[in-house]
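J.: following is a predicted model, sequence given first.
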Amino acid sequence: MAELDEKTACEATLEMLRKAREEGQETAFDRVEQQKGCAFGEAGSCCRICNMGPCRINPKKPDESRGVCGANIDTIVARNFARMVAGGASAHSDHGRAVAETLIMAAKGETTDYEIKDRVKLLEVAADLDIEIGEREINDIALEVGERCLAMFGQQEGELAFAQRAPEKRKEIWRQLGIFPRGIDREVVEVMHRTSIGVDQDYENILKGAARCSLADGWGGSMIGTELQDILFETPVPVEAKINLGVLKEDEVNIIVHGHEPLLSEMIVLAASLPEMQEKAEKAGAKGINLAGICCTANEILTRHGIPVAGNVLQQELALLTGAVEAMVVDVQCVYQGIGQIASCLHTDIITTSPKAKMPYARHIEFHENHALDIAKEIVSAAIENYPKRGKVTIPDNTEALIAGFNHEYINYMLGGKYRASYRPLNDAIIDGRIRGVVGVVGCNNPRVKHDDVHVRVVRELIANGCLVVMTGCAAQSVAKAGLMLPEVAREICPQGLWEVCEAVGIPPVLHCGSCVDNSRILIALTAMVHEGGLGDDISDLPAAGCAPEWMSEKAIAIGQYFVTSGAATVFGVSWPTLGSKNVTELLFERYNDILKNSWHFEPDPEKMVGKLLTLIDSKREALGISAKRERVLYDMAMRRELEI
Ligand code: NFS
C-alpha cells in the first residue's frame with residue numbers, strides 16, 4: 001500500500017487520511033489501489049456499445065484483431081473518445097438548461113425566490129442575442145433571453161447564437177470544416193447516434209462530430225449556464241475567503257453544499273442566513289450555522305458570496321470523517337457514492353435534492369424552483385436537528401486565504417477603469433514581455449496522481465516563468481489551498497514584469513475564475529484579447545494555452561476539446577484515453593495543428609508539462625514577432641521544499 005504522504009500534497013487531507021486508516025474507513029484514495037485499471041480500457045480500445053462484445057483490441061497488436069462487427073481500433077478509440085465529449089457536454093448543458101428554465105420562471109413571476117440581480121449583464125446578453133431592449137420591462141427582456149437560450153437546446157438548424165461571439169477567423173474555420181454547432185441537444189444526440197453500433201466508422205468523421213459537440217458545450221450549454229447565473233445571482237467580483245477543511249467549525253452547525261448548480265446552493269445560503277434559522281441553531285446548542293462548499297457549487301457561492309470552501313472533489317469523503325458535518329447537501333455531478341457509506345456510520349445526513357440523482361444511504365428532499373426557499377429552509381432545519389447527535393469531532397487546523405471571483409467583466413474593468421474598460425493594458429503587457437502568456441489551468445483531482453501536487457507544481461512554475469494563470473474547478477481549489485491566490489505571491493515568486501503588472505492592478509498572478517461551466521468565461525476573455533488587437537486575429541494566434549493536470553471527468557475532456565476546437569493548445573496530465581490508436585492520437589496531437597491551428601497534448605510529468613506549455617506560448621510569441629530570449633526558471637531546493645505545502 002502506498003504511503004499516505006505520497007497520496008496528497010494537502011496537509012489537511014493527509015491528516016484525515018491517517019484518521020480514515022486508523023478507523024478502517026475506506027475512501028477513494030484506497031479504492032484506487034484496488035482498481036488497478038485495465039490496459040484496454042485505458043487505451044480506449046475496449047468496445048461495449050453492443051451485446052456481441054465486449055470486444056477488446058490489444059493496442060500493442062492493433063492489426064491482429066477487430067471487434068465482432070469488424071470495427072478496427074481507430075473506430076473503437078474514436079467512438080469512446082467522442083462519447084466522453086458527449087457525456088461531458090450533456091452534464092454542463094443540462095446544468096445550463098436548468099438555469100434557463102429558472103430564469104424563465106423568475107421572469108414570469110412563477111417563483112418569487114429568484115429575481116434578476118444583474119441587469120447590466122441581462123442587457124448585454126440581450127444585445128448579443130439581438131433582442132430588442134427599448135423601453136421594455138426588465139422581466140419582459142429576461143423572459144425573452146430565457147426563452148431564446150432554452151430554444152438553443154432544441155435548435156435543429158442554423159448556427160448557435162453564442163458561438164457568434166467567437167473571432168471571425170475561428171468561425172470561418174468551423175464553417176469550412178462543417179462543425180459550426182447547431183442546437184445543443186442535437187449535437188449530443190448526434191454523437192451518441194453516430195457512435196452506436198454500425199453507424200459512423202470513419203474515425204476522422206467521428207471526431208468531427210465530437211468537435212462540433214464540444215463547441216455546443218463551450219459556446220452553448222456552459223456559456224448559457226454562466227451568463228444566466230450571472231443574471232440571476234450577479235456577476236462575481238473579487239472577494240476574499242477561506243479554504244480547506246479547517247473552515248468547518250466545532251461549535252456551529254456545519255452544512256456542506258456539494259455538486260454544481262447554484263440554483264440550490266444560493267437558496268441554502270439565503271436560508272442559512274435567516275434569523276429564524278440562526279435562532280433554531282442556537283436552541284439546538286450551536287453558536288450558529290456554518291456553510292461551506294465542495295467542488296464547483298463551492299466555487300459558485302465562493303465567487304458570489306465569499307462562502308468558505310471545505311475542499312475539492314477528493315476531500316468530500318474526508319470532510320465527513322471530521323464528524324463535524326451535520327448535512328451534506330448534494331445535487332448533481334462529481335458526488336461520490338462513497339459519501340453515503342461513510343455518512344451511514346456518522347450522525348451526518350446526505351441530502352439528495354435532484355430527481356436526476358438519488359443514492360443509497362441518503363435522505364431525499366426534492367428541490368423545486370417554484371418554492372425553493374421553503375425547501376432550503378427544510379434542508380437547513382434537518383441539519384440543525386442533527387447537531388445534538390454529534391459524536392467526537394476532529395477538524396484539521398488548516399485554512400488558507402484566497403481571493404476569488406475574476407472574470408472577463410472584471411478584467412476589463414480593472415485594467416481599463418469604469419469609463420474606458422479595455423484589455424489594452426493586458427495585451428500591451430504581453431506584447432512587451434512583462435507577461436509571457438496566459439495559461440488556463442482547470443479540471444479535477446484524480447487519486448491516480450498525488451492529490452493537488454501536480455496542480456500546485458505546474459501553477460507555481462508557470463507564474464515563476466512570467467505566465468498569468470487563470471483557473472476554475474477543483475484545480476483552482478488545489479492552488480488556493482497552497483496559498484497562491486493572494487496578491488503578495490506575485491512579488492515572492494514572479495519575475496519583475498509580472499509582479500509589476502499584478503501590483504499595479506492589484507491582482508494575484510493566479511486568478512480564480514469560478515466553476516467548470518465558467519471555462520466559458522475563459523473563451524470570452526481569449527476572444528476579447530483577440531478583438532483588442534496586436535496579438536493576431538484568432539485565439540490560435542495568442543500566447544495562451546490550457547491544461548488539466550489532474551483531470552478525471554468526461555466533462556474535462558469536453559472542455560479540453562472545446563478549448564482545442566476554439567484554437568487553444570491544451571495539455572492534459574494523468575493518462576490519455578486514445579493511446580490505443582496511433583491514427584486517432586496523431587490526428588488529435590499533430591494533424592489538428594493544420595486543421596484547427598492548435599492541438600491536444602499529453603504530459604503527466606509536472607515539470608515537463610510546464611516545459612511544454614512554455615514552448616507552446618513561446619512559439620506563439622515568436623510567430624507574432626514579440627519574442628525575447630529568456631531563460632527558464634527552475635525551482636531551487638528551497639522553493640521545492642516550500643511546495644511540500
Ligand atoms: Ni469540473 Fe466541477 Fe471538480 Fe472535475 Fe468535478 S467538481 S465540473 S468535473 S471534479 S473540476
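T.: All right, it came through fine.

J.: quick check: domain ranges of the protein?
T.: For the chain, the structural domains run 2-57, 73-233, 245-389, 406-624, going by automatic domain parsing.

J.: helix, strand or coil for the residue nearest the centre of the chain?
T.: Centroid-nearest residue in the chain, with CA atoms, centre = their mean: residue 516, separated by 2.1 Å. Three-state call for residue 516 (DSSP: H, G, I helix; E, B strand; the rest coil): coil.

J.: surely residue 174 and residue 167 touch.
T.: No: counting by CB atoms under 8 Å, residue 174 stays clear of residue 167, with 10.8 Å between them. Where C-beta positions appear, they are placed from N, C-alpha and C, glycine not excepted.

J.: alpha carbons only: can I get stretch 232-252 in CSV?
T.: Extracted C-alpha coordinates of stretch 232-252, given in CSV (Å, rounded to 0.1, in the frame of the first residue of the first chain):
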residue,chain,number,x,y,z
LEU,A,232,-29.9,35.6,-11.6
PHE,A,233,-27.2,35.8,-9.0
GLU,A,234,-24.9,38.6,-10.1
THR,A,235,-21.6,38.6,-12.0
PRO,A,236,-18.9,37.8,-9.4
VAL,A,237,-16.4,40.5,-8.3
PRO,A,238,-13.2,39.7,-6.4
VAL,A,239,-13.9,38.6,-2.8
GLU,A,240,-11.7,37.3,0.0
ALA,A,241,-12.5,34.0,1.6
LYS,A,242,-11.0,30.9,3.3
ILE,A,243,-10.4,27.4,2.0
ASN,A,244,-9.7,23.9,3.3
LEU,A,245,-11.2,21.5,5.9
GLY,A,246,-10.3,23.9,8.7
VAL,A,247,-13.2,26.1,7.7
LEU,A,248,-15.5,23.7,9.5
LYS,A,249,-16.4,24.9,13.0
GLU,A,250,-16.5,22.9,16.1
ASP,A,251,-19.3,24.8,17.8
GLU,A,252,-21.6,25.5,14.9
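
J.: need the contact list for residue 192.
T.: The contact partners of residue 192, taken as CB atoms under 8 Å, 6 or more residues apart in numbering, are 83, 86.

J.: which stretch of helix or strand covers it?
T.: helix 184-194 (DSSP states H and E).

J.: what residues of that helix count as buried?
T.: Residues 184, 185, 186, 187, 188, 190, 191, 192, 194 are the ones in helix 184-194 that count as buried (16 or more other CB atoms under 10 Å).

J.: so the nearest residue to residue 287 once chain neighbours are set aside, which state does it fall into?
T.: For residue 287, ignoring the flanking residues on the chain, the nearest one in space by CB to CB, 6 or more residues apart in numbering is residue 251 at 4.6 Å. Look at residue 251: counting by three-state DSSP, its state is coil.

J.: so how far is residue 295 from residue 251?
T.: 26 Å (CB to CB, to the nearest Å).

J.: one more: residue 9?
T.: 19 Å.

J.: give me the more crowded residue out of those two.
T.: residue 295 (31 against 22; other CB atoms under 10 Å).

J.: where does the residue nearest to the centre of the chain land on pLDDT?
T.: According to the prediction, residue 516 has pLDDT 96.

J.: ok, now which ones touch it?
T.: 92, 222, 260, 296, 442, 443, 472, 473, 555, 556, 559.

J.: make it 10 Å
T.: Counting by CB atoms under 10 Å, 6 or more residues apart in numbering, residue 516 makes contact with 88, 91-92, 95, 222, 225, 260, 295-296, 299, 333-334, 442-444, 472-476, 553, 555-556, 558-559.

J.: residue 125 too?
T.: Residue 125 touches 118, 131, 141-142, 145, 148-149, 162, 223-224, 227-228, 230-231, counting by CB under 10 Å, 6+ apart.

J.: closest one of those to residue 42?
T.: residue 223 (32.0 Å; CB to CB).

J.: which strands and helices sit next to the host helix or strand of that closest one?
T.: For residue 223, the enclosing helix or strand under DSSP H and E is helix 222-233. Packing contacts for helix 222-233, counted by 3 or more CB pairs under 10 Å, 6 or more residues apart in numbering; DSSP states H and E, involve helix 73-108, helix 119-128, helix 138-154, helix 262-273, helix 295-305, helix 519-532, helix 554-565.

J.: how distant is the fourth one from the center of its chain?
T.: Going by CA atoms, centre = their mean, to the nearest Å, the spacing between the C-alpha centre of helix 262-273 and its chain's C-alpha centre is 21 Å.

J.: need phi/psi at residue 546.
T.: Dihedral angles of residue 546 (phi, psi; degrees, to the nearest 10) stand at phi -120, psi 160.

J.: for it, give the beta-bridge partners.
T.: residue 440, residue 570 (DSSP bridges).

J.: what about the residue nearest to the centre of the chain, distance to the ligand?
T.: Distance check for residue 516 against the ligand: by CB to the nearest ligand atom, to the nearest Å, it reads 3 Å.

J.: excluding its backbone neighbours, what's nearest that residue?
T.: Per CB to CB, 6+ apart, closest to residue 516 is residue 473, 4.5 Å.

J.: touching, the one you found and residue 546? I think so.
T.: No: with contact taken as CB atoms under 10 Å, residue 473 and residue 546 are classed as non-touching, separated by 11.9 Å.

J.: could you check which of these two is surrounded by more residues?
T.: Between residue 473 and residue 546, counted using other CB under 10 Å, residue 473 has the larger neighbour count: 32 against 28.

J.: how about the contacts made by the more buried one?
T.: 295-296, 299, 312-313, 334, 441-445, 512-519, 548, 551, 553, 555-556, 559.

J.: cool, residue 223 as well?
T.: Residue 223 is in contact with 92-93, 96, 125, 149, 152, 160-163, 165, 216-217, 517-521, 523-524, counting by CB under 10 Å, 6+ apart.

J.: repeat the analysis, applying 8 Å as the threshold.
T.: With contact set as CB under 8 Å, 6+ apart, residue 223 has these partners: 96, 162, 520, 523, 524.

J.: look up how far the ligand lies from it.
T.: Taken as CB to the nearest ligand atom, the span from residue 223 to the ligand is 15 Å.

J.: and residue 430, how many neighbours?
T.: 27.

J.: and the residue of the stretch 301-450 of the chain closest to the ligand?
T.: As assessed by CB to the nearest ligand atom, the ligand sits closest to residue 444 within the stretch 301-450 of the chain, at 2.9 Å.

J.: can you tell me the SS state at the residue lying closest to that residue once chain neighbours are set aside?
T.: Distances taken as CB to CB, 6+ apart place residue 552 nearest to residue 444, at 4.5 Å, with adjacent residues excluded. Secondary structure, three-state DSSP: residue 552 is coil.

J.: get me the contact residues on this structure for the ligand.
T.: 260, 295-296, 313, 334, 443-444, 473-474, 515-516, 553, 555 (CB under 6 Å from any ligand atom).

J.: pull the most distant pair out of the residues you listed.
T.: 260 and 443, at 14.4 Å, using CB to CB across these.

J.: who's more crowded, these two?
T.: Counted by other CB under 10 Å, residue 260 and residue 443 do not tie: residue 443 has more neighbours, with 33 against 30.

J.: distance of the more buried one from residue 474?
T.: With CB to CB as the criterion, residue 443 and residue 474 are 7 Å apart.

J.: any common contacting residues for these two?
T.: residue 550.

J.: low-confidence ranges in the chain?
T.: Residues of the chain meeting the criterion pLDDT under 70: 1-2, 417-420, 629-645.

J.: could you rerun that using 90?
T.: Along the chain, the parts satisfying pLDDT under 90 run over 1-2, 36-38, 53, 411-422, 505-506, 627-645.
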